[in-house]
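>>> Sequence first, predicted model second:
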Amino acid sequence: MQAIPSEFLAIDRKSRARVPSLDLEYRSVEERICDFKDVIIPLDPEWAMAEAARCIHCPDPAPCVQACPAQNDIPSAMWLIEQGKFEEAAQLYRQTSSLPELCGRVCPHDNLCQGSCVRNHYNEPVQTGALEAFTALYTRGENGAAIPLGTQTGRKVAVVGAGPSGLACAEQLVQHGHQVTLFDAKPVPGGLLVYGIPNFKLPKELVFSRWSDLEHAGVRFVPNTYVGVDLTIDQLFEQGFEAVFLGVGVGIDAPMEVPGEDLPGVVKATEYLIRGNVAPELLPAEMPSTALTGDQVVVIGGGDTASDCLRTALRLGASQVTCLYRRTEHEMPGGPHDRQLAREEGARYEFLTQPVRFLPGPDGRLAQVECVRMQLGEPDKSGRRRPIPIEGSEFIVQADTAILALGYWPDETLGQSTPGLETHKWGLIVSDPETGATSRPGVFAGGDAVTGPDLVVTAMVAGRKAAAAIDQYLQNQD
């Protein structure tokens, strides 16, 4: 924890608590739904300093720090930003986070640092996420964001999966002096940061800037390589890699398993988002470059991916976009802020609605979705009340495109192709939560491939923990 200057002890917390937030500014709805550009109007230093000055600097342990999976020293960062010391604040964030410019944008701050801010008892919390992202990006523009390199060890480590956990693991390993090669099945690094999150939510140039930092640090990238199919873990060791980190995520869209799911016009969320948000030259070779358009679009699901699909469909020109969700809004797992933006942009919500069949039109394509009304019963294993169909409540929703945003399953390929690698729950990798060590010596894992679908920040933290364990493992080999 960075020492707070003596002036901090004299701050008037009560006065600070009464200062309202400047809040973030968004482009008008009429403008932003016409493109895929960032919806947030760029912040400036004056805004950052004023917003950071609203922090009342709670005594340790500060609730915002405890709520942050990366344990960022947020109060100290707020103090530095308030003084205009953006470079020092960025350095402080990078001590605990490998991706502050990205986590500051895509973390569900309402459920983490901002949601734990004690200012919620008075008025709006401090915009800690936006300040983290602003600080990292502002200092990048001023002085760059070079990754400090450790003394070269000559040890080679393979990182499989170039998403948040893989990028973070690589960023830490090069600081220990190891040679790192990233393998990914996609044409460019980034994982879901590029191929899952739309540009209007996370501009891709932010991801590519962080990758550029890694590339300048000596990290090598091998694209279009599906480890487990094109190359096995055993073959990586045969090539001279002394340790392997698996950060492959969970990229298999969960099926719905209802009649008509294979109709043209019924599409999985991943393909829809990739084809709608990724430039043609970055698409996987097997994926068509044309976006999946539709006029009457329904999105089935209630997470953040569903919100991303709703907002993407509106930008692709759909005249009617509706989310169908089988529980109420209270049970929705996605962030309320994303839903608010989707509503502003024109999305509708039908709650307590369960699709049961997709029906074709005369041309064989999707034309209608048969649904049934639901009511909530007792809580299920997830703690949410279980939806129960209401007998005789069937009705029809007109739709020419249905997007299934039902969650993600792990890929069983790595477990099946790697002798001695223990998996469970249909392919999730079993690993130590603190070190990432798996049942296979020299193989470590972290992120969604271990936990199932989770947050960018938790995957990033897992990659950092695994990097520390890999460094120790390589030292022990000596």
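That came through, no problem. Numbering: from 1, shown residues only.
>>> so which strand or helix has residue 357?
If you go by DSSP states H and E, residue 357 is part of strand 353-360.
>>> What residues sit buried inside the helix or strand following that strand?
Downstream of strand 353-360, the first helix or strand assigned by DSSP H and E is strand 366-379. For strand 366-379, a neighbour-count test (16 or more other C-beta atoms under 10 Å) marks 366, 367, 368, 369, 370, 371, 372, 373, 374, 376 as buried. To be clear about C-beta, it is placed using only N, CA and C from the backbone, and glycine gets the same treatment.
>>> partners of strand 366-379, with directions?
strand 353-360 (antiparallel), strand 385-389 (antiparallel), strand 395-398 (antiparallel) (DSSP bridges).
>>> Quick one, grab the pLDDT at the nearest residue to residue 98 once chain neighbours are set aside.
Closest residue to residue 98 apart from its sequence neighbours, by C-beta to C-beta, 6 or more residues apart in numbering: residue 168 at 3.8 Å. For residue 168, the pLDDT comes out at 98.
>>> Just give me the neighbour total for residue 168.
Using other C-beta atoms under 10 Å, residue 168 has 31 other residues around it.
>>> Tell me which of the strands paired with strand 366-379 lies nearest to residue 295.
Proximity to residue 295 (C-beta to C-beta) singles out strand 395-398 among the strands paired with strand 366-379, at 9.8 Å.
>>> Enumerate the positions of the closest one that are buried.
residue 397.
>>> CA-only coordinates of the next helix or strand along the chain from it, as CSV, when you get a sec.
With elements assigned by DSSP H and E, the helix or strand that comes after strand 395-398 is strand 401-404. Provided in CSV are the C-alpha atoms of strand 401-404 (Å, rounded to 0.1, in the frame of the first residue of the first chain):
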residue,chain,number,x,y,z
THR,A,401,-33.6,-13.6,-36.6
ALA,A,402,-33.2,-15.3,-33.3
ILE,A,403,-30.0,-15.0,-31.4
LEU,A,404,-29.2,-17.6,-28.7
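>>> Can you give the distance from the helix ranked longest in the chain to the centre of its chain?
Longest helix in the chain by number of residues (criterion: DSSP state H): helix 456-477. Centroid separation for helix 456-477 versus its chain: 19 Å, with C-alpha atoms, centre = their mean, to the nearest Å.
>>> again, but for stretch 336-349
Distance of stretch 336-349 from its chain centroid, counting by C-alpha atoms, centre = their mean, is 19 Å.
>>> what do you get for stretch 378-390?
Centre-to-centre, stretch 378-390 and its host chain are 27 Å apart (C-alpha atoms, centre = their mean).
>>> again with stretch 276-287
Centre to centre, stretch against its chain (C-alpha atoms, centre = their mean), the figure for stretch 276-287 is 19 Å.
>>> Buried residues, it. List them.
Buried residues in stretch 276-287 (16+ other C-beta under 10 Å): 276, 277, 278, 282, 283.
>>> Nearest to residue 315 among those?
Nearest to residue 315 among the buried residues of stretch 276-287, counting by C-beta to C-beta, is residue 276 at 7.7 Å.
>>> on that earlier part again, what would the buried residues of strand 366-379 look like in a markdown table with pLDDT?
Below are the buried residues of strand 366-379 laid out as a markdown table (pLDDT from 0 to 100):
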| residue | pLDDT |
| --- | --- |
| 366 | 98 |
| 367 | 98 |
| 368 | 98 |
| 369 | 98 |
| 370 | 98 |
| 371 | 98 |
| 372 | 98 |
| 373 | 98 |
| 374 | 98 |
| 376 | 96 |
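>>> so residue 70 touches residue 94, yeah?
No - taking contacts as C-beta atoms under 8 Å, residue 70 lies outside contact range of residue 94: 10.5 Å.
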